[in-house]
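J.: Structure, please.
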Amino acid sequence: MLSNFLCVAGQAGATGSGNPGSGMIWMLVIFAVMFGVMYLTSIRPQKKRQQEEQKLRDSVQIGDDITTIGGITGRIVTVKEDSIVIETGADKTRMKLMRWAIQTNNTASERLAQEKAALDAAKAQEKEEKKAGKRRSKKSDVDETKE
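T.: Numbers count the residues shown, from 1 in each chain. Got it, this is the predicted structure:
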């Protein structure tokens, strides 16, 4: 289907200008546009996700609660260059894992949620203060016109 479209586009370019090389130029333009769209829709977001995951794995600290790719949750006890040791379960079983096995940092997620809630609360308070200030100014305007 794609090859049919490219052939039709190439033939349309060739017959429209009379230059036999213009069909090839149109095909190259179409390929460039398709590559650009593919880059913007799939390659770039994937690289962004990989960078975020690497940043998450590099930022783990002792005491963080994590979840591994396999679903194991635990608290980090030791951090090394390419591995970590976690304690999991009631009997505090220790496991050595590779850093790439970390899926989420639950402690960091909780911190982010708390910070977001605090920001939302501060914004809501600012809105209320602005509304209260507008109400006061309107009341004072009405009081001045009555006198």
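
J.: helices or strands up against the one helix or strand residue 56 maps to?
T.: Taking DSSP states H and E as the definition, residue 56 sits inside helix 44-58. Packing partners of helix 44-58 (3 or more CB pairs under 8 Å, 6 or more residues apart in numbering; DSSP states H and E): strand 102-105. Every C-beta, even on glycine, is put in place using the N, C-alpha and C of the backbone.

J.: Residues in contact with the strand it packs on: which ones?
T.: Surrounding strand 102-105, the residues in contact under the criterion CB atoms under 8 Å, 6 or more residues apart in numbering are 56-57, 59-60, 64-69, 84.

J.: again with stretch 91-99
T.: So stretch 91-99 is contacted by 57-58, 60, 68, 72, 74, 77, 82-88 (CB under 8 Å, 6+ apart).

J.: Just send those back as a markdown table, with pLDDT too.
T.: Listed next are the contacts of stretch 91-99 as a markdown table, based on pLDDT from 0 to 100:
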| residue | pLDDT |
| --- | --- |
| 57 | 90 |
| 58 | 90 |
| 60 | 91 |
| 68 | 94 |
| 72 | 94 |
| 74 | 94 |
| 77 | 95 |
| 82 | 92 |
| 83 | 93 |
| 84 | 95 |
| 85 | 96 |
| 86 | 95 |
| 87 | 95 |
| 88 | 93 |
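
J.: among those, which are in strands?
T.: Per DSSP state E, strands hold the following members of the contacts of stretch 91-99: 68, 74, 77, 83-88.

J.: Quick check: the gap between the most centrally placed residue in the chain and residue 105.
T.: The centroid of the chain falls nearest to residue 49 when counting by CA atoms, centre = their mean (6.4 Å). Look at residue 49 and residue 105: by CB to CB, to the nearest Å, they are 15 Å apart.
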